[in-house]
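Colleague: let's see this in three dimensions:
(chains A and B)
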Amino acid sequence: GAVVSQHPSWVICKSGTSVKIECRSLDFQATTMFWYRQFPKQSLMLMATSNEGSKATYEQGVEKDKFLINHASLTLSTLTVTSAHPEDSSFYICSASRQGGTEAFFGQGTRLTVV
Amino acid sequence: AQSVAQPEDQVNVAEGNPLTVKCTYSVSGNPYLFWYVQYPNRGLQFLLKYITGDNLVKGSYGFEAEFNKSQTSFHLKKPSALVSDSALYFCAVRGRSNFGNEKLTFGTGTRLTIIP
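Modeller: Next up is the predicted model:
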């Protein structure tokens, strides 16, 4: 149990286009989902926290208009990188937790390359 | 604000030897502590957690971790290393963000290499 699926695993897009990444909890209801960004050989940086049915809360320094997060249901959250630029190239990882749960479960990550 | 320190970027261990990956933390209140493992181009896999109870926590793949409150440490251990244990390991502590949400704060990671 507690499987989180992230799609796509990798994506290449042109500068100026938008990319949507999906994060699904397959066998549990995720009241809270988290989006992270990981640079090569570095730790995970929390970008935002989303609770089902409400607006995401963004960490300091993260542009909410650039990284649009939607958590429309208890099993799906999406991250849209708008008007992507090469500096947005990174590894994006989502995680989800149950209400009252103590640990978070992670998706397999999405490698975004903007050319 | 909470923080996690993993003082070693790289740990090399011979196969069959015991391994330790170090972690110290800082958090207000009782700590919720976690270890995760990451393989190349993959997300994080949960290994084990400490919430309360016994200071020695057992987890997946034969790993265990010892919670030491006085030293604010949560070192990851395994009695006999396998080559397949080679990966990137993250220690994390759960606390609250500036917005009041629960959030995980990660250490910088330790790359563990098991030498055949």
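
Colleague: who are the contact partners of the residue nearest the centre of chain A?
Modeller: Taking C-alpha atoms, centre = their mean, the centroid of chain A lies closest to residue A:35, which sits 3.7 Å from it. Residues counted as contacts of residue A:35 (C-beta atoms under 8 Å, 6 or more residues apart in numbering or on different chains) are A:23, A:46-48, A:50, A:67, A:69, A:77, A:79, A:92-94. Using the backbone N, CA and C atoms, a C-beta is placed for each residue, glycine as well.

Colleague: could you rerun that using 6 Å?
Modeller: Residues near residue A:35 by C-beta atoms under 6 Å, 6 or more residues apart in numbering or on different chains: A:47-48, A:79, A:94.

Colleague: any weak-confidence spans in the chain?
Modeller: Looking at chain A here, since you left the chain open. Along chain A, the model assigns pLDDT under 70 to residues A:1.

Colleague: wrong one, chain B
Modeller: For chain B, the stretches with pLDDT under 70 are B:96-101.

Colleague: enumerate the residues of it near chain A.
Modeller: B:42-44, B:46, B:49, B:51, B:99, B:101, B:103, B:106, B:108-109 (C-beta under 6 Å from any C-beta of the partner chain).

Colleague: which pair of the residues you listed spans the longest distance?
Modeller: Using C-beta to C-beta, the two most remote members of the residues of chain B next to chain A are B:42 and B:99, lying 28.8 Å apart.

Colleague: name the residue in the two with the higher neighbour count.
Modeller: The neighbour count for residue B:42 versus residue B:99, taken as other C-beta atoms under 10 Å in any protein chain shown, is higher for residue B:42 (17 against 11).

Colleague: and the closest residue to the more buried one other than its chain neighbours, what are its phi and psi?
Modeller: Nearest non-adjacent residue to residue B:42, counting by C-beta to C-beta, 6 or more residues apart in numbering or on different chains: residue A:108, 5.5 Å away. Dihedral angles of residue A:108 (phi, psi; degrees, to the nearest 10) stand at phi -80, psi 0.

Colleague: specify the beta-bridge partners of the closest residue to chain B within chain A.
Modeller: Of all residues in chain A, residue A:106 sits closest to chain B, at 3.9 Å by C-beta to the nearest C-beta. Residue A:106 has these beta-bridge partners by DSSP bridges: residue A:95.

Colleague: isn't it up against residue B:46?
Modeller: No: using C-beta atoms under 6 Å, residue A:106 makes no contact with residue B:46, being 7.7 Å away.

Colleague: more neighbours: the two, which one.
Modeller: Counted by other C-beta under 10 Å, residue A:106 and residue B:46 do not tie: residue A:106 has more neighbours, with 24 against 18.

Colleague: check contacts around that one.
Modeller: Residues in contact with residue A:106 (C-beta under 6 Å, 6+ apart) are A:93, A:95, B:43-44.

Colleague: kindly reformat those as CSV containing neighbour count and secondary structure.
Modeller: Formatted as CSV, these follow (neighbours: other C-beta atoms under 10 Å in any protein chain shown; DSSP: H, G, I helix; E, B strand; the rest coil):
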residue, neighbour count, secondary structure
A:93, 26, strand
A:95, 27, strand
B:43, 24, coil
B:44, 28, strand
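
Colleague: okay, these in JSON lines with distance to residue A:12 next?
Modeller: As requested, these are arranged in JSON lines below (distance: C-beta to C-beta, whole Å):
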{"residue": "A:93", "distance to residue A:12": "18"}
{"residue": "A:95", "distance to residue A:12": "24"}
{"residue": "B:43", "distance to residue A:12": "20"}
{"residue": "B:44", "distance to residue A:12": "24"}
